[in-house]
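Asks: structure for the following, please:
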Amino acid sequence: MDIISVAHAEAAAPAPGGDMNMLIILVVCMVAVYFFVMRPNNKKRKEMQNLLNGLAVGDEVLTNGGIAGKVVKLPDNKEYVMVNVGNDVVLQMKRNYIVAVLPKGTIESM
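Replies: Next up is the predicted model:
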C-alpha cells in the first residue's frame, strides 16, 4: 500500500535561445564598459598629452603637488621643465607632474 506516490521530476527543457540571450547580455556589458570606463579615460589621457605638448615659456602651471609657478625654460630633452615658483626659486620637475595650465595673471607677479 503506497499512500504517497513517488514523483519523478524531469529536467526542464532549456528555454529557446538561452545561450544566445547570455551572449547578448555579455556583449551589452562589454559595450557599456567601453563607453563608461575606457573611452573617457582615453579621452582624458589625450587631453593631458595635448596640454603637456603645448607647454610654452611663460605659461602658468599647477603641479599635482599643488605648487603653482611659471614655466621659465623647456629643455631639449622634453622630459623636464623649469618652473619659477617665486623669489627667483626655480624648480626642475618632470613634465608629467603638471596637471593644469592656469589662466594668465592667476599667479601674482614673481
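Asks: am I right that P75 is in contact with M93?
Replies: No: checked against C-beta atoms under 8 Å, the pair P75 and M93 is beyond contact range at 11.4 Å. For the C-beta atoms, the positions are set from N, CA and C on the backbone; glycine is no exception.
Asks: next, show the common contact partners of those two.
Replies: Listed contacts common to P75 and M93 are V81; contacts here mean C-beta atoms under 8 Å, 6 or more residues apart in numbering.
Asks: and those two? Which one has more around it.
Replies: In this view P75 and M93 are compared by other C-beta atoms under 10 Å, and M93 has more residues nearby, 18 against 11.
Asks: give me the secondary structure label for the more buried one.
Replies: The three-state assignment at M93 reads strand, by DSSP: H, G, I helix; E, B strand; the rest coil.
Asks: give the full set of residues in contact with it.
Replies: Counting by C-beta under 8 Å, 6+ apart, the residues that M93 touches are 63, 80-81, 83.
Asks: quick check: the residue nearest to K73 when sequence neighbours are not counted vs F36, distance?
Replies: Once flanking residues are discounted, K73 sits nearest to M82: 3.8 Å by C-beta to C-beta, 6 or more residues apart in numbering. M82 is 39 Å from F36, where distance means C-beta to C-beta, to the nearest Å.
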